[in-house]
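K.L.:
What follows is a protein structure lacking sequence information:
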């Protein structure tokens, strides 16, 4: 802390000229991706079902980025973190982009008859396991819960983003105190809503299955996803001349450390879920993993074990990689792909046992949704400064060094 | 006229080195950079708390500790798995609820714990060993001003054993950096 805070008065802190070309790229991706996947889905047999399934994968992936960002912002306020202030505005914007995902949830809701087998009330009535769950798993309550989740996330994220932007003008430290005070109950609401959202959106694809840790698994995936894309966002911004001096190797290093920690956390949760079910050896529970170790899915499971844990662990354990922005951004991009495969592995085996029918449709749908999501982030980011201008801890963040 | 013969290095009364005091962190950092750039190798900075950037100012080399910890962690993983394989599948085969005698899912928790145990103990012991700790006595402790190194003062000490050490040149360097008189530290 004794180091001098950098002078960033001459720093580029607005997207300005970068915004238009970036938006064009996103727009092209969105149109090509979504139009392409609709065309492909219309052409092939069962294409519409496939599109709906892969849409849910990519939707849950981009949702996880925003939720990871919301967790990060809440955590920074809760811990009164100083180091992260230079990058917090970007996380605030990612979190606030959850409003866009509320809109993007519409196709999931329209397609819930296909995606969620428990929506068939007649079939559920004859299935003792499902009949016992209809009090919770019924279409009306499901939609009400979905609305409640997005309201919680959206309001929390908007409050944190707006207060921070308001501080840019006023520099009022009381705003920081208000955000810190809200973050404690906010974190509790966030934890509960994320857990139940994971149960509803992903776990209820197989409503016969039981796993209380599933929500934590999606939470781990969310935080890993967010921390994986963060270095890449910072790197691209700096490459385009934004925040060149404010964000230093020290900040990348800390994002790298957090990413490393949460990859280990993800593996820990994934294994905890697996081992307890393996040990208990109860058919209702093991069938879920059996599906994922039959046929192609066994290969995908191994890809996740080595590609989502072992390799990133070995890469990120090295201080050298964490302190090279380009290498860290590349590692993060790779981990983000693994995060997408992770969600693919959660969703698709339910519809396609034994066959991992990964193809162009999945790529197009991902790119299309990615284009829409990124455009939402860019529009929000372009409206204000990219850095929390008058945060009371900005100087601390600018002077930050890993000891 | 009796001529006082200097005691041999390391013996009581022999010169251990010079110590100089700084009031402020910034002065200490400037001083550390100057001593580093002068090429001294056997010297140290003493501060009451962690100072960011001091490692770089002193030119401290990267530690080998992470590699030791990583190696120990790997040893722990392999050792933990081997232990379970030997005890449960080879030396005394014991069937538990129909599970295979040697099965990775069941072995991971123990391997995880031995990994952390080995890595953590190595981190602690190797850190102490690399720092030459525990060490109950140090010639600098004889200096009264040095007590403030744990309170509100910053110090740089250069050992007489340093190849570049010169009684007058080193003294001049340190005094020019701090503006204070150099304290002469002797072995006791």
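P.N.:
Received the coordinates, thanks. What you see is a predicted model, and the numbers here were worked out from it, not measured in a lab. Numbering: from 1, shown residues only, chains lettered A, B, ... in the order given.
K.L.:
nearest residue to whichever residue of the stretch 51-200 of chain A sits closest to chain B other than its sequence neighbours?
P.N.:
Proximity of the stretch 51-200 of chain A to chain B (CB to the nearest CB) peaks at residue A:83, 11.2 Å away. For the C-beta atoms, the positions are set from N, CA and C on the backbone; glycine is no exception. Leaving aside its chain neighbours, residue A:83 sits nearest to residue A:400 (4.5 Å; criterion: CB to CB, 6 or more residues apart in numbering or on different chains).
K.L.:
give me the element the one you found is part of.
P.N.:
Residue A:400 is part of no helix or strand when elements are defined by DSSP states H and E.
K.L.:
just to revisit the earlier point, does the residue of the stretch 51-200 of chain A closest to chain B touch residue A:253 like I think?
P.N.:
No: checked against CB atoms under 8 Å, the pair residue A:83 and residue A:253 is beyond contact range at 9.8 Å.
K.L.:
got a list of what the closest residue in space to residue A:8 that isn't next to it in sequence touches?
P.N.:
Residue nearest to residue A:8 in three dimensions, not counting chain neighbours: residue A:246, with 5.0 Å by CB to CB, 6+ apart. Residues near residue A:246 by CB atoms under 8 Å, 6 or more residues apart in numbering or on different chains: A:6, A:8, A:11, A:13, A:86, A:387, A:398.
K.L.:
which residues sit against stretch A:226-233?
P.N.:
Here stretch A:226-233 makes contact (CB under 8 Å, 6+ apart) with A:64-65, A:67-69, A:71-72, A:87, A:90-91, A:94, A:252, A:255-256, A:258-259, A:262, A:325, A:328-329, A:331-333, A:335-336, A:339.
K.L.:
mind checking how far that stretch is from the chain centre?
P.N.:
Put simply, stretch A:226-233 sits 10 Å off its chain's centre (CA atoms, centre = their mean, to the nearest Å).
K.L.:
does the residue nearest to residue A:8 count as helix, strand or coil?
P.N.:
Look at residue A:246: counting by DSSP: H, G, I helix; E, B strand; the rest coil, its state is coil.
K.L.:
now it: how far from chain B?
P.N.:
17 Å (CB to the nearest CB, to the nearest Å).
K.L.:
Distance of the residue of chain B found nearest chain A relative to residue A:400?
P.N.:
For chain B, the residue closest to chain A is residue B:52, as judged by CB to the nearest CB, at 4.1 Å. Relative to residue A:400, residue B:52 is positioned 8 Å away (CB to CB, to the nearest Å).
K.L.:
Show me what counts as buried in the lengthiest helix in chain B.
P.N.:
Counting residues, the longest helix found in chain B (DSSP state H) is helix B:104-130. For helix B:104-130, a neighbour-count test (16 or more other CB atoms under 10 Å in any protein chain shown) marks B:106, B:107, B:108, B:111, B:112, B:114, B:115, B:118, B:119, B:122, B:123, B:126 as buried.
K.L.:
confidence score at the nearest residue to residue B:64 once chain neighbours are set aside?
P.N.:
Sequence neighbours aside, residue B:130 is the residue nearest to residue B:64 in space, at 7.6 Å (criterion: CB to CB, 6+ apart). You'll see residue B:130 listed with a pLDDT of 92.
K.L.:
show me what contacts residue B:130?
P.N.:
Contacts of residue B:130 (CB under 8 Å, 6+ apart): B:63, B:64, B:65.
K.L.:
what residues are up against residue 108?
P.N.:
The chain I'm using is chain A. A:52, A:55, A:56, A:59, A:115, A:201.
K.L.:
not what I meant, chain B
P.N.:
Per CB under 8 Å, 6+ apart, neighbours of residue B:108: A:271, A:275.
K.L.:
so what strands line up beside the next helix or strand after the longest helix of chain B?
P.N.:
Sequence order places strand B:154-159 as the next helix or strand after helix B:104-130, per DSSP H and E. Paired neighbours of strand B:154-159 in the sheet (DSSP bridges): strand B:15-22 (antiparallel), strand B:43-46 (antiparallel).
K.L.:
For strand B:154-159, give me every contacting residue.
P.N.:
Residues contacting strand B:154-159 (CB under 8 Å, 6+ apart): B:16-25, B:27-28, B:31-32, B:35, B:40, B:42-48, B:140, B:146, B:149, B:165, B:170, B:174, B:177-178, B:185.
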